[in-house]
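In: Predicted model and sequence below, questions to follow.
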Amino acid sequence: MKKVLIKNLFKIYNEKKQNEFVALKNINLEINSGEVIVLRGKSGSGKSTLLSIIGGISKPTSGDILVDNENIAKLPDIYTSNFRNEKLGFIFQSFNLINGLSTYENVMAPLVLKPLKKELLESKISQALHLANIEHKREQKVESLSGGEKQRCAIARALVMNPSIILADEPTANLDKSNSLVFVEMLKKFKELNKTVVVATHDSLFENLDFVDRYIDIKDGEIIE
Ligand SMILES: Nc1ncnc2c1ncn2[C@@H]1O[C@H](COP(=O)(O)OP(=O)(O)OP(=O)(O)O)[C@@H](O)[C@H]1O
């Protein structure tokens with residue numbers, strides 16, 4: 001089954017203005033369910049732009065993007081946020097955690113609007129904390145976590161809704177070598193859990209991993225075969 005289908009996709013920033021910039025040029029890509037993809041490219045090549053479109057955070061200028069057969073390029077914004085919440089887990093390089101709240105509360109954030117019984121809510125959060133190996137820091141305020149722990153908290157938050165797709169943008173950019181290796185192990189776990197995963201990176205740690213199904217190179221907004 002095709003999880004993501006991208007057809008003739010363009011993203012043009014500041015269209016028809018003097019500073020017009022074509023960030024993505026005619027991208028065509030099919031991603032199968034359960035595939036783990038590493039998207040490689042230099043800084044500025046368009047990796048984040050592509051991830052944000054796959055994740056419904058931004059809309060393409062033209063072209064189609066189907067996720068589970070739903071054309072999210074044409075979906076009104078109120079539906080895209082719902083789609084994101086239900087299907088997607090995002091892991092950002094800057095973690096995007098909410099300071100002042102604990103690890104537990106951060107992981108709970110995507111669930112706050114769900115009418116869930118307290119026990120179910122707690123079991124979902126505990127499961128995500130366990131998977132991301134950050135249970136032992138559940139009560140700690142996130143601003144006092146180490147870089148690696150912050151990321152594991154962000155991973156738990158990305159997993160708590162049990163998303164079928166996980167998108168990670170430069171996940172090791174702010175991590176040291178040993179925490180980066182922990183992330184690579186986490187990626188393997190995602191594969192075993194049959195998640196569809198796209199990791200955008202230029203970290204050589206992601207080279208030659210046997211559980212990665214495909215490496216895709218992007219240069220100046222174009223996929224190079
Ligand atoms: N809102 C915007 N307005 C204008 N140009 C933009 C905007 N967002 C991104 N760009 C440009 O689009 C290009 C692609 O950016 P993008 O963030 O997708 O690259 P990237 O491959 O993820 O880079 P990095 O590895 O540095 O994160 C860059 O040249 C960037 O300057």
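Out: Cool, the structure landed.
In: Excluding chain neighbours, what is closest to residue 63?
Out: In space, and not counting its chain neighbours, residue 63 is closest to residue 9: 3.4 Å by Cβ to Cβ, 6 or more residues apart in numbering. In short, each C-beta sits where N, CA and C put it, glycine included.
In: and the helix or strand where the one you found lies, which residues are buried?
Out: Using DSSP states H and E, residue 9 falls within strand 2-13. Counting neighbours by 16 or more other Cβ atoms under 10 Å, one finds that the buried residues in strand 2-13 are 3-6, 9-12.
In: got it, and stretch 154-163?
Out: 154-161, 163.
In: which of the residues you listed lies closest to the ligand?
Out: Taking Cβ to the nearest ligand atom as the measure, the ligand sits nearest to residue 154 out of the buried residues of stretch 154-163, at 16.7 Å.
In: wait, is the closest one part of a helix?
Out: Yes - counting by DSSP: H, G, I helix; E, B strand; the rest coil, residue 154 is found in a helix.
In: so it touches residue 92, yeah?
Out: Yes - counting by Cβ atoms under 8 Å, a contact exists between residue 154 and residue 92, whose distance comes to 7.0 Å.
In: same for the lowest-mean-pLDDT helix or strand in the chain, what does it pack against?
Out: The helix or strand with the lowest mean pLDDT-type score in the chain, counting by mean pLDDT, DSSP states H and E, is helix 77-87 (a mean of 85). Helices and strands in packing contact with helix 77-87 are not found; criterion 3 or more Cβ pairs under 8 Å, 6 or more residues apart in numbering; DSSP states H and E.
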